[in-house]
Structure formats: C-alpha cells, structure tokens
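K.L.:
Sequence first, then the predicted structure, then my questions.
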Amino acid sequence: MTGSIIYDTINLGIWRMSKKEKREQRIRSNPINVPLEEFEAFVMQYGSIRGGGKHPQAVIGKRFMAYKRTNPIKAAYVKQLLEYIDNV
C-alpha cells in the first residue's frame, strides 16, 4: 500500500477498491444481469476456463461447472459459481 492510501484509510475512512473487488461486488449484488465478459473474468480470478465453443467449463478448485456462453449469462450459472467460490 502506498502512503496516500494508508492515510485515506486511517484518517478519512475511505477505502479504495480494486477492479477485481468492484467486479465481485457488482456480481454478488446483481447476479441476474451479469455480462459474459465479466462472468468469465470473475471465473479467471478464482480458477480457470476449460474448453471453448458454446459450452466451456469453469474450473474452481476441484469442481467443474459447464455453462452456456450467452450474453448476459443466466442467473443460475452465476449463483452456482458464487456457491462454488464460497465453499472453496
């Protein structure tokens, strides 16, 4: 952390979030309307994507989750991914 961020955090109560933290907050607060690009970036933050085409697999820990590449991604896939991440 740089001095200015520490100063802001201690004295002003301001916390600067990274892009990854903001993305996660957006996805958790609204799992119904998640763009495909954000979903896949979120998967890559915690695991990897295996395969390609219309039905790739998200790999989180030892769990695999196939999903259909549509935009926006279906809420069921987002909720399942969040469950996998929370249980790792």
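P.N.:
Ah, there it is.
K.L.:
What segments of this protein are strands?
P.N.:
Using DSSP state E, the strands of the chain run over 48-50, 57-60, 63-66.
K.L.:
among those strands, which is the most enclosed?
P.N.:
Among the strands of the chain, strand 57-60 has the highest mean neighbour count (mean count of other Cβ atoms under 10 Å), at a mean of 19. Bear in mind the C-beta positions are built from the backbone N, C-alpha and C, glycine included.
K.L.:
partners of that one, with directions?
P.N.:
Applying DSSP bridges, strand 57-60 is found paired with strand 48-50 (antiparallel), strand 63-66 (antiparallel).
K.L.:
per-residue confidence averaged over the shortest one?
P.N.:
Same thing as strand 48-50. The predicted model gives strand 48-50 an average pLDDT of 95.
K.L.:
residues making contact with that strand?
P.N.:
With contact meaning Cβ atoms under 8 Å, 6 or more residues apart in numbering, strand 48-50 is reached by 40, 43, 56, 57, 58, 59, 64.
K.L.:
cutoff 6 Å now
P.N.:
43, 56, 57, 59 (Cβ atoms under 6 Å, 6 or more residues apart in numbering).
K.L.:
What is the least confident helix or strand in the chain?
P.N.:
helix 3-7 (a mean of 51; mean pLDDT, DSSP states H and E).
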